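Engineer: The amino acid sequence is not available; the structure is as follows:
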């Protein structure tokens, strides 16, 4: 296809008319498709059904340390689960704190606790400090930004490069401004652009010399085993690198099985240094008596170890990869040569990130909605929902069937072109 | 036995020597007994083992509203569980919010959210107000007080009468002081003294006219179906009474199955008015995507309805009642006539509350500890761990075997007498 930018006005008018006709035909179909959230499909959830049988009434509920998993206690999680997550996260067992079903909740709580109690190394609780800033690699995860918004933490955009956040910018903020308290990172298969941070980027993170003693890297490794290919990128372990630098108190790692077992009923974990762990345990002890240890045990009995999880993830991949392929194929078919959009072809994770023509993202989302295709709201992947170039759209291909995805992706490409033509004609 | 207060010095010395001898004999046994926490016994936990089979891999995971219980969503809980808890709590389904495994965590979160966001009716978030007070009926639950301590909320003691908190005092604080933001209540089988609030007390709660628009009654109905007798007291429904007064925004109810199903893996719920519910849902939406719906479904499939829970509680009662009886019998045997201690004989709940001789509680707990019997720390049932008369001790008879309880209770009575004799001799 021809680049829209190179079309004459006449050609554009003609193209626009033919697009509108096709668009109206789609509208007449009364589609109801949703590519908005990173939800596993029912088939993916079926993969973990065996877990429900892995803790039966006839099974022992006694943990390896002799405790009864059904009763109160073991605030930091059962030893069996700490071991499993330690292996998964590449850290020591005593650096793992097992929580409830939601790592997002743990991130929220971590910020909330910092507001009330501060972090070791800080002079006072965040809530008692005048000004608080977080660095936000963009595009990023809307719910991370939502937490900052809730607590009135000012967010600073940091552009994502092909190998991770712009580290020169990160260093200049973190090392010089003591009101910078954190940075949100999804280091592997970043939400939404699928980037895995390079070794160089991870090492530069470990070498940060924060101006604020209570600065923390929020390392949300949500997609650590969520590969879509064999030749997947390898993420350097930040905790290892930090230990070399003596900077391990700077990292709080998050991880969960929400997209490994059940999205609503998984197990989440925090990984951190001994100093942070002691602080965490003391503070969480005021908040709850213990998290759900039966669900922890259920997970351990089902997966056994990291190899068990990796084998399980191959089954997820078999369901996910064709969905990514279907979307990417439809994008190529509908958009190649038009220069109205660029998109990622990630090697893992849950999203395809699309940059449409500048100033067109909100229009594309609105057009799709009118045609029955729900997308994540434009701007969602930026702090305050403000995409400065109004161009980024996050596509979540995991949930719909392949047939539905093909339809939805076709509608999407059509809307990208329609919005672009409208814009070029209005110029 | 003779009242210690009426003994001559000579008699007391003799009594004291004989007590010390008996005490040393107990010490030599090397006991290791624990009556400190309200933990269900393994036999009680066994009662709910069938629940683990109530959600198998072959069962449907589709909720009555068509949603998949395994996936994200349904923040306020599954409709089936909201109905069950509505029946249990005596409120409407849309007044129920189902949470994770811990009602304590929900109480902590409710205070934490009030600090950050405030409550409907308040002028600003609690955290931005100069002075915050909570009324604390005493003796009470240590973990309630811990939450206030964490957030720097000043605690005011309110004495518990035979029918509930001293309401004249409560009214005078709540209706006149706009820095009073809350009161902790365990209205049925109060922790630790087993009191159930009278109809009159509940009605006076409903009729409160708080000076603060963001005042809330924290109604922790932890023992709502935890009866030990047939002729159990009936608690008037506060929400009903508040609706008559138009004061339903003043109540936040809490409830959980921690002492119905599994202490570590139950389901907790919040009950509140529509206005509070809308606020709650909007704020929790920033905190998590959803709680564990599979565990909610597991509970509903196992218990079915309130009648199912009540039938289940009779089995708990059969295990708990003999334990309470054993302790009370040992208390009678060891203490009747001595006037060194008074204790409750509750009709439900998890605790026996003992008032030993003024100034002796810490000493009794220390003596017990030395003889291998762990009790809740003296002062625990008061804000700031300060029992003004140093006399209250909370006994938790649920966990140990009856034989162990008999031994532990005997040691306890001995220590009560020993501490009293020491005190009287020192006067």
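Structural biologist: Thanks, I have the structure now. Predicted model only: the values in this text are computed from it and were never measured.

Engineer: mind listing the helices for chain A?
Structural biologist: A:9-28, A:42-46, A:79-89, A:103-117, A:142-150, A:167-174, A:199-206, A:238-245, A:274-284, A:293-303, A:306-335, A:361-370, A:402-426 (DSSP state H).

Engineer: Now do the first one: which elements does it pack against?
Structural biologist: In this structure, helix A:9-28 makes packing contacts with helix A:402-426, judged by 3 or more C-beta pairs under 8 Å, 6 or more residues apart in numbering or on different chains; DSSP states H and E. Bear in mind the C-beta positions are built from the backbone N, C-alpha and C, glycine included.

Engineer: Name the stretch among the helices of chain A that sits most buried.
Structural biologist: helix A:293-303 (a mean of 25; mean count of other C-beta atoms under 10 Å in any protein chain shown).

Engineer: quick check: angle from that one to helix A:306-335?
Structural biologist: Between helix A:293-303 and helix A:306-335, the angle comes out at 80 degrees (axes from the mean of the first three to the mean of the last three C-alpha atoms, to 10 degrees).

Engineer: ok, back up a step: mean pLDDT for the helices of chain A - can I get that in CSV?
Structural biologist: Below are these laid out as CSV (pLDDT from 0 to 100):
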stretch, mean pLDDT
helix A:9-28, 96
helix A:42-46, 98
helix A:79-89, 98
helix A:103-117, 96
helix A:142-150, 97
helix A:167-174, 98
helix A:199-206, 98
helix A:238-245, 98
helix A:274-284, 97
helix A:293-303, 98
helix A:306-335, 98
helix A:361-370, 98
helix A:402-426, 97
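
Engineer: For residue B:288, find the nearest of the ones you listed.
Structural biologist: Set against residue B:288 and scored by C-beta to C-beta, those come closest in helix A:103-117, at 4.0 Å.

Engineer: and that closest one with helix B:274-284, angle?
Structural biologist: Going by the same axes, to 10 degrees, helix A:103-117 makes 100 degrees with helix B:274-284.

Engineer: got the angle between helix A:103-117 and helix A:142-150?
Structural biologist: Going by the same axes, to 10 degrees, helix A:103-117 makes 20 degrees with helix A:142-150.

Engineer: Would you map the strands across the stretch 51-200 of chain A?
Structural biologist: A:96-98, A:133-138, A:154-161, A:164-165, A:180-185 (DSSP state E, counting those that start in this stretch).

Engineer: elements contacting the longest one?
Structural biologist: Okay, so that is strand A:154-161. Against strand A:154-161 (3+ C-beta pairs under 8 Å, 6+ apart) you get strand A:133-138, helix A:142-150, helix A:167-174.

Engineer: how does it look with 7 Å?
Structural biologist: strand A:133-138, helix A:167-174 (3 or more C-beta pairs under 7 Å, 6 or more residues apart in numbering or on different chains; DSSP states H and E).

Engineer: Present the helices of chain A as TSV; the columns should include distance to residue A:126.
Structural biologist: Output for the helices of chain A, formatted as TSV (distance: least, C-beta to C-beta, whole Å):
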stretch	distance to residue A:126
helix A:9-28	49
helix A:42-46	37
helix A:79-89	25
helix A:103-117	5
helix A:142-150	11
helix A:167-174	16
helix A:199-206	21
helix A:238-245	21
helix A:274-284	13
helix A:293-303	30
helix A:306-335	34
helix A:361-370	33
helix A:402-426	40
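
Engineer: measure stretch A:199-213 end to end?
Structural biologist: Stretch A:199-213 has an end-to-end distance of 25 Å (C-alpha to C-alpha, to the nearest Å).

Engineer: and that stretch, how far from the chain's centre?
Structural biologist: Its chain's C-alpha centre and that of stretch A:199-213 lie 21 Å apart, by C-alpha atoms, centre = their mean, to the nearest Å.

Engineer: likewise stretch A:310-327?
Structural biologist: 17 Å.

Engineer: what's the answer for stretch A:177-196, then?
Structural biologist: 10 Å.

Engineer: list the buried ones in it?
Structural biologist: For stretch A:177-196, the buried set under the neighbour-count rule, 16 or more other C-beta atoms under 10 Å in any protein chain shown, comprises A:177-178, A:180-196.

Engineer: and residue A:262, how many neighbours?
Structural biologist: Using other C-beta atoms under 10 Å in any protein chain shown, residue A:262 is surrounded by 30 other residues.

Engineer: Do I have it right that it meets residue B:294?
Structural biologist: Yes. Applying C-beta atoms under 7 Å as the test, residue A:262 and residue B:294 come out as touching, 6.4 Å apart.
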